[in-house]
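K.L.:
A structural model of the following input is requested.
(2 chains)
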Amino acid sequence: MNSIEISARTVAEAVELALSQLGRDRDEVAIAVLESGEDGEEALVRVTVVDDDSEGEAEAFVADEVDAPAVGPTNSQDVAALARSILEELLKHMDIHGYVTAVHSHDPGLQGSTEETITLHVEGADEQAMGLLIGRRGETLASIQFLINLMVSRKVRKWPQMVVDVGNYRQRRRESLEGLARRMAERVRQTGRSITLEPMASYERRLVHLALREDATVYTQSTGEGEGRKITIYPAKS
Amino acid sequence: MKELLAYIAHTLVDKPEAVQIKERAGRYTVTYELHVAPEDTGKVIGRSGRVAKAIRDVMSVSAARRNKRVHVDIKS
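P.N.:
Alright, predicted model coming up:
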């Protein structure tokens, strides 16, 4: 048996279970998260063995991503393992016990290309420590992610985008921003007056713009510079 | 904490042998002086200090775990 699908309460638990069933180490497998297990739903992962004596399986796993030839001695598996070990090293020095799972995903990008992303999921029992890793408005998380990308780029010539997430913070934050966007849009619609939101990072502003893009009754615009850049929601001109 | 700074600095610079870290421990605050080769200064500061900010953020987590505050000064 070289590939199994396991569900459990969290991604980390499912991976642990899968590894013990396969009798493999994390370095010997490719992990794909099929369901990330938000909102009380079960997480579902597919764990595939990719060691030397199962070349065929390894190739089957990467078959859909071989369009871009690997540059240098590394492939995505190696880069994911490298990124995970760097993050684990950082956590260790921060005195934080966390379990890091690297997950590959391919999202459709612009002009029909695929965007490869490695997401490093951090899960840990210590809520306070996880909160520290996220920081105010996710600023520390953004810094950790920035450092990981930078440190990996020092070791390999080509690497996919790397996202660091702690306890599904990014997912939860996206949902809360989308909710905020819709509630504020409703208020703009009712009062006919524009509302300016507090300053946000670029990727968070993007989420708000996207959430209201389909809404014909309002339009959004960003103003201000750098750290202070913020979104204003306007009633649609009639 | 010092090992964390050393690990990050060594990974980012071209001349890890030139990395030196001085530590001054106060009652609530620990101050680190990070020395790197002059040509490596940009690598640990980054455009608009982006790398320096990331290093300080990560160091702050480590300090918070020890109920301390931390300052990181970058020298060349």
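
K.L.:
Please state the offset of the helix or strand encompassing residue A:7 from the chain centre?
P.N.:
Using DSSP states H and E, residue A:7 falls within strand A:3-8. Centroid separation for strand A:3-8 versus its chain: 20 Å, with CA atoms, centre = their mean, to the nearest Å.

K.L.:
What strands line up against it, and which way round?
P.N.:
strand A:43-49 (antiparallel) (DSSP bridges).

K.L.:
where does the residue lying farthest from the centre of chain B fall, helix, sheet strand or coil?
P.N.:
Going by CA atoms, centre = their mean, the residue of chain B most distant from its centre is residue B:27, 19.3 Å out. Assigned by DSSP: H, G, I helix; E, B strand; the rest coil, the conformation of residue B:27 is coil.

K.L.:
picking that back up, the strand holding residue A:7: what's the following helix or strand?
P.N.:
Next along from strand A:3-8, by DSSP H and E: helix A:11-22.

K.L.:
contact partners of stretch A:117-133?
P.N.:
A:10-12, A:76, A:79-80, A:83-84, A:87, A:91, A:94, A:96-107, A:140-141, A:144, A:148, A:160-168, B:61, B:64-65 (CB atoms under 8 Å, 6 or more residues apart in numbering or on different chains). Where you see a C-beta, it was placed from the backbone N, CA and C, and this is true even at glycine.

K.L.:
Sitting in strands, which of those residues do you find?
P.N.:
When DSSP state E defines the strands, the subset of these inside them is A:99-107, A:161-166.

K.L.:
ok, those residues vs residue B:33, which is closest?
P.N.:
Among the ones in strands among the contacts of stretch A:117-133, residue A:164 lies closest to residue B:33 (CB to CB), at 28.2 Å.

K.L.:
contacting residues around the closest residue to the closest one other than its chain neighbours?
P.N.:
Using CB to CB, 6 or more residues apart in numbering or on different chains and skipping residues adjacent in sequence, the residue nearest residue A:164 is residue A:145, 4.2 Å away. The contact partners of residue A:145, by CB under 8 Å, 6+ apart, come to A:162-164.

K.L.:
Now rank these by neighbours and give me the top one.
P.N.:
The most crowded member of the contacts of residue A:145, judged by other CB atoms under 10 Å in any protein chain shown, is residue A:164 (25 neighbours).

K.L.:
Check the spacing between that residue and residue A:127 real quick.
P.N.:
18 Å (CB to CB, to the nearest Å).

K.L.:
Then residue A:181?
P.N.:
Distance from residue A:181 to residue A:127, by CB to CB: 27 Å.

K.L.:
what do you get for residue A:83?
P.N.:
Distance from residue A:83 to residue A:127, by CB to CB: 25 Å.
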